[in-house]
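Enquirer: Sequence first, then the predicted structure, then my questions.
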Amino acid sequence: MSTSHSAAAQSAATADALGMPAADAPPGRAAKPPRRWGRTLGTVVIGTMLIGFSLLFIYPLLWLLAASLKPRGEVFDNRLIPETFSWHNYVQVWDELPLLSWALNSVLIAMLAAGLVVFSSALVAFGFAYFRFPARNLLFGLVLATMMLPGAVTMVPQYLIWLKLGLVGTWIPMFGANLFGSAFYIFLQRQFFLGLPRELFEAARVDGASYFGMFRRIALPLSVPSLVIIFLFEFQASWNSLQNALIYLNAGSVEGFTVPLGISYAMTKYSPTAGGQGDYQYVMVAALLVTLPMLALFAFGQRYFIEGVATQGRKG
Amino acid sequence: MTSIKAAPRQLRKEDSASLSRPRRSRLTASRRETIAGFLFISPWIVGFCVFTLGAMVYSLVISFSHYNLASNRIRAAGGANYANLVDDPKVALSLANTLYYAVMAVPLEIVAALGLALLLNTLGRGAGLFRTGFYLPKMTPAVATASIFFLLLNGNTGAVNRFLGWFGIQGPQWLIDPAWVKPSIVMMTLWGVSGTMVIFLAALKNVPRELYEVAELDGAGAFRRFRHVTLPMISGAVFFNVIVLTIAALQVFDQAYLLFWRDQNNASPESSLFYGVYLYIQAFREFDLGFASAMAWLLFVIILGISLIQLRVGNRFVYYEGGR
């Protein structure tokens, strides 16, 4: 971490970090020698810290990439450039683990989960944003309140509900609840709808559009940005989900696993304590496979992710 | 200021629009609107009644019964499950582990996220590039994080101890030594701290520049500007993050499960038994759903209690612009 910096340098950096960007300083001030000297020092320290933290955040991912290319005995050696490139891992892994089928399961489940929640949340949000009806604010308060409900509380009864419906063992519990909207997304989408000019809808009313027509032809097309945020968030949540897969898919066949559940399975399979050979390079390939789509999603939708997370904070 | 003024205006517009809708009589129009509104929100109502309210009531009923999934038998248990919460020492243990983890993780996350956000906030352009780099761990799925750190934290060969070795520090057996299990998980959590950072960054961008200029004219140094301008202006975000991170910390599961409890046949240090993990084990390995439901309710009450305390304390410190 920052152990390499002296305490003095660190406090100087903090002080500068707390102030305003260097570019904002009035030119007259910057001309004073002692101040300029301090600024240069500050810039150097900030630059060092930025690079240091970047390394800290990115190193494990580079390490993962390297480890996935190493033969069994070298996975632990911490070289960022493998001594022996074992491209073979990427061929062998498909025989070792049913990765393709895991990936396919994960993609389909995530698409269904995200697609359903986008549509249902938008529908509900439109109801709350556009119409006036009794108890609307009370009900919307309830929507917000459910955001505070810890998932652990409903985990067991939801399982029993799916069991009673005879759907445990199918994929439906992995995304079924998404048919009914999700509190945070409803909140997000309602905010977006409230920002749309109401005149558009009034005009459509006069032209004889139905309520659902207004939703589909006006509200939805105009709110693509926030719908994308919801889709990406839910896709990520579903793609990463381990606990649900453990509850609903673990009892089934290994081919039916999602990638996270599969990695958990692989970690045990290769663990020496469970009789494995310590072939962690395959776990690393699988870990890379589960990570890369998320990085690609981020590359494509960075501003949506950042915007979405920032909105989360604003509701507080 | 503009955003605050805009909100009520929009509300008023909404009011007048629905009152002055010309066609048909007002009663029919408003009744049609009511019906349509309820139709639109009906998916949520159904979901709430079944998967939230229904599930909670169901869970409460089960918590007062013996429900064994393996034999699929249910019978009344009175308060036996709740009595077992006290009798089973692992409940107290897992609760203590979880609270210990939360007390360690949440403040560190807040300080790290705020520090990084302040650092990025000093940059004009270029901040985007670093923000992207900082954010990548947040995009990394928990399973991948756990499997990477499983090897990075290896006591003998792991990169973390190698790094510490450069400074002459003999690193611990992170994942084996009971005392270092929780710090290991804190480390993984901190690696993904950038989500919280982004919330702070957004809050920092909203602090009006003039406030800093005025403070500087008044001779306030960097620290006092932070203490008396930045901190009050972003207190809402701090408060939000504390609550959300606490709730998340009390439910920690993925990393602990993957690193320590994945393999049923392998003993793990008891200091890694978190409440969420023990709840999962009771429900889906022991199939003791009644006991697991009682555990869930205890967790719910604890989270609710902590959130209420935080709300009460928070309201004293949080500064809401416009005196909300």
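Expert: Thanks, I have the structure now. Residues are numbered from 1 along each chain as shown, chains lettered A, B, ... in the order given.
Enquirer: contacts, neighbours, all on C-alpha from now
Expert: Noted.
Enquirer: okay, now residue 304: neighbour count?
Expert: Assuming you mean chain A. As a burial measure, A:Tyr304 scores 20 neighbours (other Cα atoms under 10 Å in any protein chain shown).
Enquirer: actually it's chain B I care about, not the one you picked
Expert: Neighbours of B:Leu304 under the rule other Cα under 10 Å: 16.
Enquirer: cool, and B:Trp44?
Expert: B:Trp44: 28 neighbours (other Cα under 10 Å).
Enquirer: Can you say which helix or strand has it in it?
Expert: Per DSSP states H and E, B:Trp44 falls inside helix B:26-47.
Enquirer: ok, now which ones touch A:Phe231?
Expert: Going by Cα atoms under 8 Å, 6 or more residues apart in numbering or on different chains, A:Phe231 touches A:Ala114, A:Gly115, A:Val117, A:Val118.
Enquirer: Among those residues, which one lies nearest to chain B?
Expert: Among the contacts of A:Phe231, A:Val117 lies closest to chain B (Cα to the nearest Cα), at 10.7 Å.
Enquirer: ok, the closest one touching A:Phe180?
Expert: Yes: applying Cα atoms under 8 Å, one finds A:Val117 in contact with A:Phe180, separated by 7.3 Å.
Enquirer: What are the boundaries of the strands in chain B?
Expert: Along chain B, counting by DSSP state E, strands occupy B:65-68, B:73-76.
Enquirer: can you tell which of the ones you listed is closest to A:Gln277?
Expert: strand B:65-68 (37.0 Å; Cα to Cα).
Enquirer: Give me the helices and strands touching the closest one, please.
Expert: If contacts are counted by 3 or more Cα pairs under 8 Å, 6 or more residues apart in numbering or on different chains; DSSP states H and E, strand B:65-68 sits against strand B:73-76, helix B:289-317.
Enquirer: how far does the shortest one sit from the chain's center?
Expert: Taking Cα atoms, centre = their mean, to the nearest Å, the mean C-alpha location of strand B:73-76 is offset from the chain mean by 35 Å.
Enquirer: wait, does that strand make contact with chain A?
Expert: No: applying Cα under 8 Å from any Cα of the partner chain, one finds strand B:73-76 separated from chain A by no less than 12.4 Å.
Enquirer: what sits up against that strand?
Expert: Residues outside strand B:73-76 that contact it (Cα under 8 Å, 6+ apart): B:Phe64, B:Ser65, B:His66, B:Tyr67, B:Asn68.
Enquirer: Okay, the last one and A:Gly166: tell me how far apart.
Expert: Between B:Asn68 and A:Gly166 the distance, using Cα to Cα, to the nearest Å, works out to 17 Å.
Enquirer: about what we covered before: neighbour count for A:Val117 and A:Phe180, which is higher?
Expert: Legend: neighbour count by other Cα under 10 Å for A:Val117 and A:Phe180, higher for A:Val117 (27 against 24).
Enquirer: Just the pLDDT for the nearest residue to the more buried one once chain neighbours are set aside.
Expert: With Cα to Cα, 6 or more residues apart in numbering or on different chains as the criterion, A:Val117 has its nearest non-adjacent residue at 4.8 Å, and that residue is A:Asn178. pLDDT, A:Asn178: 95.
Enquirer: next one: B:Arg131
Expert: If you check B:Arg131, the pLDDT there is 90.
Enquirer: Also the one 10 residues further on?
Expert: What the model reports for B:Pro141 is a pLDDT of 95.
Enquirer: So what's the residue count around it?
Expert: Neighbourhood size, B:Pro141 [other Cα under 10 Å]: 23.
Enquirer: Now do the nearest residue to it once chain neighbours are set aside against A:Lys269, distance only.
Expert: Spatial nearest neighbour of B:Pro141, chain neighbours left out: A:Asn240 (5.1 Å); criterion: Cα to Cα, 6+ apart. Shown here: A:Asn240 relative to A:Lys269, a distance of 20 Å by Cα to Cα.
Enquirer: out of those two, which sits in the more crowded spot?
Expert: Neighbours per residue (other Cα under 10 Å) separate A:Asn240 from A:Lys269, with A:Asn240 holding more: 27 against 20.
Enquirer: Lovely, talk soon.
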